[in-house]
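Visitor: need a structure here:
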Amino acid sequence: QVQLVESGGGLVQAGGSLRLSCAASGRTFRTYTMAWFRQAPGKEREFVTAINWSGSRTYYADSVKGRFTVSRDNAKNTLYLQMNSLKPEDTAVYYCAAGSTWPARLASDFGSWGQGTQVTVSP
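Guide: Presented below is the predicted three-dimensional model:
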(Lines give C-alpha, C1' and ligand atoms only; values in the text may rest on other atoms or scores of the structure.)
Protein backbone atom coordinates (compact mmCIF):
# COMPACT_ATOMS: atom_id res chain seq x y z
CA GLN A 1 0.00 0.00 0.00
CA VAL A 2 0.97 3.60 -0.48
CA GLN A 3 1.39 5.99 2.45
CA LEU A 4 -0.41 9.33 2.07
CA VAL A 5 0.06 12.62 3.94
CA GLU A 6 -2.19 15.63 3.31
CA SER A 7 -1.26 19.26 3.91
CA GLY A 8 -2.46 22.74 3.04
CA GLY A 9 -5.65 22.98 5.06
CA GLY A 10 -6.53 26.01 7.14
CA LEU A 11 -9.00 28.78 7.83
CA VAL A 12 -10.18 30.94 4.93
CA GLN A 13 -13.02 33.38 4.35
CA ALA A 14 -15.84 32.58 2.01
CA GLY A 15 -14.84 33.30 -1.56
CA GLY A 16 -11.21 32.54 -0.85
CA SER A 17 -8.92 29.79 -2.11
CA LEU A 18 -6.80 26.99 -0.73
CA ARG A 19 -4.55 24.40 -2.31
CA LEU A 20 -4.31 21.00 -0.70
CA SER A 21 -1.45 18.61 -1.32
CA CYS A 22 -1.16 14.89 -0.74
CA ALA A 23 2.35 13.45 -0.68
CA ALA A 24 2.64 9.76 -1.41
CA SER A 25 5.43 7.37 -0.58
CA GLY A 26 6.60 4.60 -2.85
CA ARG A 27 7.43 4.27 -6.51
CA THR A 28 3.98 3.01 -7.49
CA PHE A 29 2.10 6.30 -7.03
CA ARG A 30 1.84 6.70 -10.78
CA THR A 31 -0.22 3.51 -11.04
CA TYR A 32 -2.97 4.58 -8.63
CA THR A 33 -6.31 6.21 -9.14
CA MET A 34 -6.33 9.08 -6.66
CA ALA A 35 -9.22 10.87 -5.05
CA TRP A 36 -10.25 13.46 -2.51
CA PHE A 37 -13.04 12.88 -0.04
CA ARG A 38 -14.29 15.10 2.75
CA GLN A 39 -16.17 14.66 6.00
CA ALA A 40 -18.01 17.40 7.83
CA PRO A 41 -18.94 17.07 11.51
CA GLY A 42 -21.90 14.77 11.98
CA LYS A 43 -21.95 13.78 8.31
CA GLU A 44 -20.78 10.82 6.31
CA ARG A 45 -17.59 10.94 4.28
CA GLU A 46 -18.41 12.16 0.79
CA PHE A 47 -16.67 11.96 -2.57
CA VAL A 48 -15.17 15.20 -3.91
CA THR A 49 -13.11 14.32 -6.99
CA ALA A 50 -11.01 11.60 -8.60
CA ILE A 51 -8.20 11.49 -11.15
CA ASN A 52 -6.89 8.56 -13.12
CA TRP A 53 -3.30 7.35 -13.06
CA SER A 54 -2.07 9.61 -15.85
CA GLY A 55 -4.13 12.68 -14.99
CA SER A 56 -5.95 12.53 -18.29
CA ARG A 57 -9.36 11.85 -16.73
CA THR A 58 -11.09 13.51 -13.84
CA TYR A 59 -14.55 13.86 -12.43
CA TYR A 60 -16.13 15.87 -9.65
CA ALA A 61 -19.04 15.91 -7.28
CA ASP A 62 -21.69 18.34 -8.49
CA SER A 63 -21.22 20.43 -5.35
CA VAL A 64 -17.63 21.37 -6.29
CA LYS A 65 -17.73 21.28 -10.08
CA GLY A 66 -16.37 24.49 -11.57
CA ARG A 67 -14.76 25.55 -8.28
CA PHE A 68 -12.30 22.74 -7.46
CA THR A 69 -9.56 21.32 -9.67
CA VAL A 70 -7.70 18.09 -9.05
CA SER A 71 -4.26 17.42 -10.52
CA ARG A 72 -1.27 15.20 -9.94
CA ASP A 73 2.46 15.27 -10.49
CA ASN A 74 3.66 11.70 -10.82
CA ALA A 75 7.30 12.81 -10.87
CA LYS A 76 6.80 14.31 -7.42
CA ASN A 77 4.43 11.63 -6.10
CA THR A 78 1.96 14.36 -5.21
CA LEU A 79 -1.77 14.90 -5.62
CA TYR A 80 -3.28 18.40 -5.48
CA LEU A 81 -6.67 19.96 -4.94
CA GLN A 82 -7.07 23.60 -5.91
CA MET A 83 -10.16 24.98 -4.21
CA ASN A 84 -11.55 28.32 -5.33
CA SER A 85 -14.69 30.27 -4.44
CA LEU A 86 -14.89 28.43 -1.15
CA LYS A 87 -18.17 28.31 0.72
CA PRO A 88 -18.91 27.67 4.41
CA GLU A 89 -20.46 24.34 3.39
CA ASP A 90 -17.03 23.24 2.13
CA THR A 91 -15.87 23.11 5.76
CA ALA A 92 -14.69 19.56 6.46
CA VAL A 93 -11.71 17.32 6.98
CA TYR A 94 -10.32 16.52 3.54
CA TYR A 95 -8.78 13.12 2.86
CA CYS A 96 -6.80 11.86 -0.08
CA ALA A 97 -7.14 8.24 -1.07
CA ALA A 98 -5.48 5.78 -3.45
CA GLY A 99 -7.17 2.96 -5.32
CA SER A 100 -6.59 0.50 -8.12
CA THR A 101 -9.71 0.81 -10.25
CA TRP A 102 -11.17 3.38 -12.65
CA PRO A 103 -13.68 4.84 -12.53
CA ALA A 104 -13.95 4.93 -8.75
CA ARG A 105 -15.93 7.17 -6.44
CA LEU A 106 -16.99 5.02 -3.51
CA ALA A 107 -14.91 5.02 -0.34
CA SER A 108 -14.77 1.23 -0.63
CA ASP A 109 -12.95 1.60 -3.98
CA PHE A 110 -9.93 3.04 -2.18
CA GLY A 111 -7.60 1.03 0.00
CA SER A 112 -5.16 3.67 1.23
CA TRP A 113 -6.06 6.86 3.07
CA GLY A 114 -4.28 9.82 4.54
CA GLN A 115 -4.92 11.22 8.00
CA GLY A 116 -6.84 14.23 6.71
CA THR A 117 -6.41 17.99 6.78
CA GLN A 118 -8.95 20.44 8.19
CA VAL A 119 -10.47 23.09 5.94
CA THR A 120 -12.61 25.73 7.62
CA VAL A 121 -14.45 28.38 5.61
CA SER A 122 -15.85 31.30 7.58
CA PRO A 123 -18.90 33.25 6.35
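Visitor: can you pull the contacts of Lys92?
Guide: Heads up, residue 92 is Ala, not Lys. Taking CB atoms under 8 Å, 6 or more residues apart in numbering as the criterion, Ala92 is in contact with Arg38, Gln39, Ala40, Lys43, Gln118, Val119. All C-beta atoms are positioned from the backbone trio N, CA, C, and that covers glycine.
Visitor: Quick check: the closest residue to Gln13 other than its chain neighbours vs Ser100, distance?
Guide: For Gln13, ignoring the flanking residues on the chain, the nearest one in space by CB to CB, 6 or more residues apart in numbering is Ser122 at 5.4 Å. Counting by CB to CB, to the nearest Å, the gap from Ser122 to Ser100 is 38 Å.
Visitor: who's more crowded, these two?
Guide: Ser100 (14 against 11; other CB atoms under 10 Å).
Visitor: Give me the residue at the spatial middle of the protein.
Guide: Trp36 (2.4 Å; CA atoms, centre = their mean).
Visitor: List the pairing partners of the helix or strand containing Ser112 within its sheet, with orientation.
Guide: Assessed by DSSP states H and E, Ser112 sits inside strand 110-113. Strand pairing for strand 110-113, using DSSP bridges, gives strand 92-99 (antiparallel).
Visitor: about what we covered before: what sits against the residue nearest to the centre of the chain?
Guide: Residues near Trp36 by CB under 8 Å, 6+ apart: Leu20, Cys22, Val48, Thr49, Ala50, Val70, Leu79, Leu81, Tyr94, Tyr95, Cys96, Ala97.
Visitor: show me where the chain has strands.
Guide: In order along the chain, the chain carries the following strands (DSSP state E): 4-7, 10-13, 18-24, 33-39, 46-51, 58-60, 68-73, 78-83, 92-99, 110-113, 117-122.
Visitor: what about stretch 50-64, average pLDDT?
Guide: Stretch 50-64 carries an average pLDDT of 97.
Visitor: buried ones in it?
Guide: Going by neighbour count (16 or more other CB atoms under 10 Å), the buried part of stretch 50-64 is Ala50, Ile51, Asn52, Trp53, Thr58, Tyr60, Ala61, Val64.
Visitor: Under the pLDDT cut-off, which ranges of the chain? List them.
Guide: Scanning the chain for pLDDT under 70 picks out no residues.
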